[in-house]
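Chemist: mind looking at a prediction? Sequence and model below.
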Amino acid sequence: MQPAQQTQIASLRRDGFVVVPNFLPHDALEAMRPVALGQLAARVPPLELEADLKYPGAPSSQDAAGGQTVRRLLDAYGRDPLFAFWGVAPGVGDWMRAYFDEDVLMSRAHHNCLMTKHPRYGSMTGWHRDIRYWSFEREDLVSVWMALGEETSDNGGLWFVPRSHAMTFGEEQFDAAKFFRLDRRDNAEIVRSAVSLRLAPGDAVFFHCNTLHSAGQNRSDAVKLSLVYTYHGLSNAPKAGTRSASKAEVRLAVGAARPY
Ligand SMILES: O=C(O)CCC(=O)C(=O)O
């Protein structure tokens with residue numbers, strides 16, 4: 001394992017997330033951004049709309065103003081060979097194998113998307129742990145969020161609560177949709193230690209499925225785009241009959257070639 005990876009993995013184990021600067025090379029960004037923007041403009045399915053998610057700030061229905069605003073361009077892996085490549089790139093595979101200490105699978109059942117955040121109609125995402133999306137034998141998954149443009153608190157960038165992946169919470173601390181309840185004084189105190197990330201184009205953040213995070217609305221005038229995938233070790237199987245087990249997964253090979 002490279003020393004840089006070792007340090008990053010130690011940071012993730014300690015804090016629940018780690019920023020990896022310049023994760024995507026410039027040519028990858030140059031190649032991926034126009035593809036993402038073109039697919040967004042052409043509304044290439046499968047899509048998830050803000051109006052369907054109904055997070056705070058989202059249009060109230062598909063017929064309301066902004067009701068056709070896209071939230072996620074789903075199945076990034078199947079959309080374009082470039083997005084597929086970065087889901088299983090050697091830099092991801094080596095990192096994940098070192099973290100999980102075994103062979104690694106990428107899920108296609110959730111995340112696996114180009115996450116967008118539009119000005120005006122893009123919604124905010126309340127505090128949550130991504131484990132709300134997953135049903136696995138062990139709560140040990142890691143997501144990689146690759147910024148295709150700049151991300152700050154001004155355009156809806158991510159906030160994280162350091163070390164929250166290792167905190168124990170009761171079910172009553174979450175609402176029915178598994179968002180962390182801010183009407184509770186204990187939760188509000190925990191969220192006070194949150195940090196806002198500043199990501200430059202090409203930076204990535206790796207984070208654990210139990211790390212509390214949130215994101216605000218986009219107050220800039222440009223759509224924000226991020227490529228997001230989630231990984232787990234081979235011995236940590238999705239539970240049969242759940243959404244997590246609903247799609248064939250992708251096993252990360254050692255040392256794939258660059259596709260461009
Ligand atoms: O971009 C955002 O609003 C955060 C997205 C997020 O954390 C999620 O979809 O789980």
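Modeler: Structure's in. What do you need? Numbers count the residues shown, from 1 in each chain.

Chemist: my guess is residue 139 contacts residue 210. True?
Modeler: Yes: using CB atoms under 8 Å, residue 139 and residue 210 qualify as a contacting pair, with a distance of 5.7 Å. Where C-beta positions appear, they are placed from N, C-alpha and C, glycine not excepted.

Chemist: okay, strands next: where are they in the stretch 1-150 of the chain?
Modeler: 17-20, 47-49, 70-74, 104-106, 113-117, 125-128, 141-147 (DSSP state E, counting those that start in this stretch).

Chemist: of all those strands, which one is nearest residue 218?
Modeler: When the strands of the stretch 1-150 of the chain are ranked by proximity to residue 218, the top entry is strand 113-117, at 4.5 Å, counting by CB to CB.

Chemist: what's next to that closest one, contact-wise?
Modeler: 36, 39-40, 48, 70-76, 79, 83, 122, 145, 148, 155-156, 215, 217-218, 223-228 (CB atoms under 8 Å, 6 or more residues apart in numbering).

Chemist: the ligand: which of the strands of the stretch 1-150 of the chain is closest?
Modeler: Closest to the ligand of the strands of the stretch 1-150 of the chain is strand 125-128 (CB to the nearest ligand atom; 3.4 Å).

Chemist: is the ligand within reach of that closest one?
Modeler: Yes: Strand 125-128 lies within reach of the ligand by CB under 6 Å from any ligand atom, at residue 125.

Chemist: tell me what that strand is packed against?
Modeler: If you count contacts as 3 or more CB pairs under 8 Å, 6 or more residues apart in numbering; DSSP states H and E, strand 125-128 packs onto strand 213-215.

Chemist: and the following helix or strand past the strand it packs on, which strands flank it?
Modeler: The element immediately downstream of strand 213-215 (helix or strand, assigned by DSSP states H and E) is strand 224-233. Paired with strand 224-233 in the same sheet, following DSSP bridges, are strand 104-106 (antiparallel), strand 113-117 (antiparallel), strand 141-147 (antiparallel).

Chemist: average pLDDT for the shortest one?
Modeler: For strand 104-106, the mean per-residue pLDDT is 97.
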